[in-house]
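Asker: When you get a sec, could you give me coordinates for this:
(one chain, ligands or ions: 1)
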Amino acid sequence: MSIEIPFTKMHGLGNCYIYVDLISQSIDIPSYSDLAVQAADEHTGIGSDGLILIVPSNRADMMMRIFNKDGSEGKNCGNGLRCVAKYAYDHGLVDQKSFKIETLSGIVDAEVHLKNGQVDLVTIDMGKPILNRSSIPMVGENDEKVINEPIIYNKQNFDMTAVSMGNPHGLFFVDNIEKAPIHELGSFLADNHPTFPEGLNVGFIEKTADNDIAYRVWERGSGITQACGTGACAAVVASILTDRLPMDQTITVHLAGGDLYIKWSQDSQHVLMTGEAKTICKGIFYL
Ligand SMILES: N[C@H](CCC[C@H](N)C(=O)O)C(=O)O
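Answerer: The predicted structure follows:
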């Protein structure tokens, strides 16, 4: 007997997930990881970059749990947080435009911005980036920041800067984003490299103007996606750490699926991310 699972498919700049609301409904799902793999399959499932569950929290208005396409559980998801915020407002899970969402890496502040009464853009305060090596986590001697550290691939050195937004990101600066070695370095580093015990989201950055960067990503557990919200935040932090961008300025991050607006605040040290969140469709998934 199959289990009927009502879902909403949403995306943030093309980074799409299957959202299951476990606040408004109670469903006995044997394995969230297995559901993520089955639902994400574009041939035998719905097709997505993974699964996001909206579950009760006793520390915030709700909790977001995110599972990648391979069933691994992520600790944060920027595009997912914006979509959870839109879903929560649209479905009356909250009665304010500002509220709190718990993730496995902490609690964030969310604010939805309305246009003609509908959620248009969403701002998430992503908190402080985590920069010391052991907290990325990344294997190595010192527990300092990881800035322009050479990664050897195919006998070549690639300088990497590491930033955690609650999930691990390795960032590489390139002169031409369209020629970035995404497949080579992404598949080499993302899911089972000994230097990164929890895997790595692998991002590439090209500075395109004073307060603009282009960013592409190979995500841990999902491969190349159209956008990565935590990755875009990490890309702005890495660009500031390497003196390519200024703090306290709103940076436009051009991703394959569209633009995010991100600022790393000097005073609070928090990273603020603003961008779209869209509903694609609703349905019933038969597990
Ligand atoms: N693959 C990521 C989770 C999804 C992050 C990304 N989709 C975002 O919008 O931040 C990880 O395992 O850390």
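
Asker: Surely Asn79 is within a strand?
Answerer: No. Looking at Asn79 with DSSP: H, G, I helix; E, B strand; the rest coil, it is helix, so not inside a strand.

Asker: quick one: it and Gly229 touch, right?
Answerer: Yes. With contact defined as Cβ atoms under 8 Å, Asn79 and Gly229 form a contacting pair (4.2 Å). For the C-beta atoms, the positions are set from N, CA and C on the backbone; glycine is no exception.

Asker: ok, those two, which is more surrounded?
Answerer: Set side by side, Asn79 and Gly229 give different neighbour counts by other Cβ atoms under 10 Å, the larger being at Asn79 (35 against 27).

Asker: shared neighbours of Asn79 and Gly229, which are they?
Answerer: In terms of Cβ atoms under 8 Å, 6 or more residues apart in numbering, Asn79 and Gly229 are both contacted by the residues 12, 15, 275.

Asker: Enumerate the beta-bridge partners assigned to the second one.
Answerer: Applying DSSP bridges to Asn15 yields these beta-bridge partners: Gly12.

Asker: With the last one instead?
Answerer: In this entry, Gly275 is beta-bridged to Val122, by DSSP bridges.

Asker: Can you name the residues that contact it?
Answerer: If you count contacts by Cβ under 8 Å, 6+ apart, then Gly275 has 12-13, 79, 82, 121-122, 229, 258-261 around it.

Asker: In a markdown table: those residues, plus distance to the ligand and pLDDT.
Answerer: Rendered in a markdown table, the data for those read as follows (distance: Cβ to the nearest ligand atom, whole Å; pLDDT from 0 to 100):
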| residue | distance to the ligand | pLDDT |
| --- | --- | --- |
| Gly12 | 7 | 98 |
| Leu13 | 9 | 98 |
| Asn79 | 4 | 98 |
| Arg82 | 9 | 99 |
| Leu121 | 15 | 98 |
| Val122 | 12 | 98 |
| Gly229 | 4 | 98 |
| Gly258 | 13 | 98 |
| Asp259 | 14 | 98 |
| Leu260 | 10 | 98 |
| Tyr261 | 15 | 98 |
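
Asker: Of the residues you listed, which is the most crowded?
Answerer: Result: Asn79 is most packed of the contacts of Gly275 (other Cβ under 10 Å), 35 neighbours.
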